[in-house]
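K.L.:
A predicted structure for the sequence below; I have some questions about it.
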Amino acid sequence: MEGATVAELKIHGLDPSKTYHFELFGSTTKVTNSTTIYQIGGVDRSLVTQNNTQNVIRYENISPNASGEVLIGGIKMAGQGWRMLV
């Protein structure tokens with residue numbers, strides 16, 4: 001995505017033989033028309049974060065790599081501020 005910045009959160013210590021479910025939440029009251037794009041395993045999902053109090057993004061049946069790690073990306077589009085990841 002042109003002009004985008006990616007931040008990554010690494011979850012480690014997972015069992016590579018199991019699958020996991022992740023639920024991601026983001027919210028802001030500082031910016032209007034704000035959207036955060038989350039990414040796990042190359043799958044992008046967007047969440048409108050402006051005054052968000054309950055909507056989440058779900059990823060199911062995610063397999064960690066052989067080292068027991070899953071990377072969660074947060075993509076910030078050019079001209080937007082960072083959103084909260086909880």
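P.N.:
In hand now; what should we look at?
K.L.:
so the spatially most central residue of the chain bridges to which residues?
P.N.:
The centroid of the chain falls nearest to residue 38 when counting by Cα atoms, centre = their mean (3.0 Å). Beta-bridge partners for residue 38, by DSSP bridges, are residue 45, residue 74.
K.L.:
was I right about it contacting residue 73?
P.N.:
Yes: the pair residue 38 / residue 73 is scored as a contact, 6.8 Å apart, by Cβ atoms under 8 Å. (C-beta placed from N, C-alpha, C; glycine too.)
K.L.:
Identify the contacts common to these two.
P.N.:
Shared contacts of residue 38 and residue 73 (Cβ atoms under 8 Å, 6 or more residues apart in numbering): none.
K.L.:
host element of the residue in the chain sticking out farthest from the centre?
P.N.:
Of all residues in the chain, residue 17 has its C-alpha farthest from the mean position, at 22.7 Å, by Cα atoms, centre = their mean. Under DSSP states H and E, no helix or strand contains residue 17.
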